[in-house]
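>>> Structure for this input, please:
(one chain, ligands or ions: 2)
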Amino acid sequence: MSPDELEMYRVGTLPTIFYIPDYLSRQDQLRLLNQVNTGSSTKWKSLKNRRLQNWGGVVHEKGLLPQQLPPWLSDLTGNICKDVGLFPAPLNHVLINEYLPGQGIMPHQDGPAYFPIVAILSLGSPAVMEFTPHQKLLGQSGDPGNVHEGVSVILMPGSLLVFKDAAYQDYLHGISETIEHRVDKTIVNMDKLQTHNEEFLGEVPIHPMDVDEIKCRDDLACDKEGSLKDVFGVVKRNGTRISLTCRLVPKVHKNLFKF
Ligand SMILES: O=C(O)CCC(=O)C(=O)O
Ligand SMILES: [Fe+2]
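Ligands and ions are numbered 1, 2, ... in the order given. Below you'll find the model as predicted:
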């Protein structure tokens, strides 16, 4: 992919989010899911609200105590690095998160040890990632021309999400801990959801809702005018989602004692 091609995948106006649908073929998605689930069962660590696998070594505030990525991951990160074309060195760290229906990740910013661009590959059940302005931006909103709004992206299986700049530095990102994610006017990749993977076409996971159904649900908030017309539907989280968060830790420590 050339820089011009990557530009075709830019979504929304918040600098800068790219969403590449069908980055992996259906077959490659299944192969990768199989590696995550069977090839590395001892790597899972359970957190309160999800499980994760840490690959590439231990990230400290001051850098990475490295561990070589296995070939099934270095093949992937090598391709992502080449295709995205924005990283100054090979990606050396991968966090694999597993979310069951209703699990998510609190709004957060990625740590200071990482190069400020992240690439997230999604597998399994779809989900919505929400970007919300950091407190420091909200402090500036006294200027009416300077309104910072939330943005969200539907993450379909096989897609690659890349974000940097303000989306990385000035916004928090998170996935809400609910069994449905609302599809509303904050979604910026609505026109990129069509999939070229034939097998997915029969099971479109985004369910249109009619207004009456939405009206009687108090978990779907209205906008300022109380209007519901901007809610298009919901993403039903019926299955497990696996994501691979691929990053570069620029500072690598070869020796523990040099920390
Ligand atoms: O699972 C995801 O898509 C997001 C994961 C994430 O934000 C992280 O690992 O820092
Ligand atoms: Fe993150």
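>>> Stretch 86-106 and ligand 1, are they touching?
Yes. Stretch 86-106 is in contact with ligand 1 by C-beta under 6 Å from any ligand atom, via 95, 97, 105. Where C-beta positions appear, they are placed from N, C-alpha and C, glycine not excepted.
>>> The closest residue to ligand 1 within the chain pairs with what?
Nearest to ligand 1 in the chain, going by C-beta to the nearest ligand atom, is residue 243, at a distance of 3.4 Å. Assessed by DSSP bridges, residue 243 has beta-bridge partners residue 97, residue 122.
>>> just the helices in the stretch 51-200 of the chain please.
Counting by DSSP state H, counting those that start in this stretch, one finds helices in the stretch 51-200 of the chain at the ranges 71-84, 135-138, 165-169, 198-201.
>>> returning to what we had before: so what's the residue of the chain closest to ligand 1 up against?
96, 97, 99, 120, 121, 122, 123, 155 (C-beta atoms under 8 Å, 6 or more residues apart in numbering).
>>> Distance check, the second one against residue 49.
It stands for residue 97. Applying C-beta to C-beta, to the nearest Å, the value for residue 97 to residue 49 is 10 Å.
>>> where does the protein dip in pLDDT?
In the predicted model of the chain, residues 39-41, 138-147, 194-206, 208-229, 255-259 satisfy pLDDT under 70.
>>> re earlier: can you list residues touching both of residue 97 and residue 49?
Common neighbours of residue 97 and residue 49, using C-beta under 8 Å, 6+ apart, are residue 105.
>>> Please identify which of those two sits among more neighbours.
residue 97 (19 against 13; other C-beta atoms under 10 Å).
>>> Show me which residues of this protein sit near ligand 1.
Counting by C-beta under 6 Å from any ligand atom, the chain sits next to ligand 1 at 95, 97, 105, 110, 120, 129, 173, 243, 245.
>>> tell me which of those is nearest to residue 164?
For the residues of the chain next to ligand 1, the closest approach to residue 164 (C-beta to C-beta) belongs to residue 110, at 10.8 Å.
>>> Would you check how far apart the closest residue to that closest one other than its chain neighbours and residue 86 are?
Spatial nearest neighbour of residue 110, excluding adjacent residues (C-beta to C-beta, 6 or more residues apart in numbering): residue 118 at 6.0 Å. Plainly put, residue 118 is 11 Å away from residue 86 if you go by C-beta to C-beta.
>>> Quickly list what's touching both of the two.
In contact with both residue 118 and residue 86: 162, 164, using C-beta under 8 Å, 6+ apart.
>>> With neighbour numbers in mind, choose between the two.
In this view residue 118 and residue 86 are compared by other C-beta under 10 Å, and residue 118 has more residues nearby, 20 against 16.
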